[in-house]
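Q: Whatever this is, show me its structure:
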Amino acid sequence: AGIQECCSRYKADGYDGPPFAWCILGPEGQALFGKAVLSFYKDELGLFEECPDVGAVARHLGCSPDVLAKTLQEYHEASKSGTCERTHKDVFPSSITPDTTNFLVARITSSIHYTMG
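A: From the prediction side, this is the model:
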């Protein structure tokens, strides 16, 4: 199941947007994203927020730091084993743990980027 089935709709200031999930990038993920592209989305469009640690990420997301730390630990363990039992995810370009610092966080939603033919 993906964002459309599992995530809440984005609602703010009278806006009722599509369902979204949180993108949480540690330094390794930020490097893979690419400095120029990340700079455009973060600095030009303002879509990413800086969070120095897991506690700051949890506050930004509005969740418990303990729940987020547990989730990040489960993600890290799934990345080491190669699959996530809960989501069946099997691609882990980078890993983050509860000890990771210097996060960038953004809301993401599904979209069609290209159509061919």
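Q: Secondary structure element holding residue 104?
A: strand 103-108 (DSSP states H and E).
Q: Tell me the gap between that strand and the middle of its chain.
A: 5 Å (Cα atoms, centre = their mean, to the nearest Å).
Q: where in this protein is pLDDT low?
A: For the chain, applying pLDDT under 70 flags the ranges 1-12, 16-18, 111-117.
Q: Name the residue closest to the centre of it, please.
A: Centroid check for the chain by Cα atoms, centre = their mean gives residue 23 as the closest residue, at 1.5 Å.
Q: Show me what the helix or strand containing it is in contact with.
A: Assessed by DSSP H and E, residue 23 sits inside strand 21-25. Applying Cβ atoms under 8 Å, 6 or more residues apart in numbering, the external contacts of strand 21-25 come out as 3, 6-7, 33, 38, 48, 57, 61, 72, 94, 96, 103-109. Just so you know, the C-beta spots here come from the backbone N, C-alpha and C atoms, and that holds for glycine as well.
Q: now do stretch 68-75
A: Contact with stretch 68-75 is made by 24, 54, 57-58, 61, 84, 86, 92, 95-98, 100, as judged by Cβ under 8 Å, 6+ apart.
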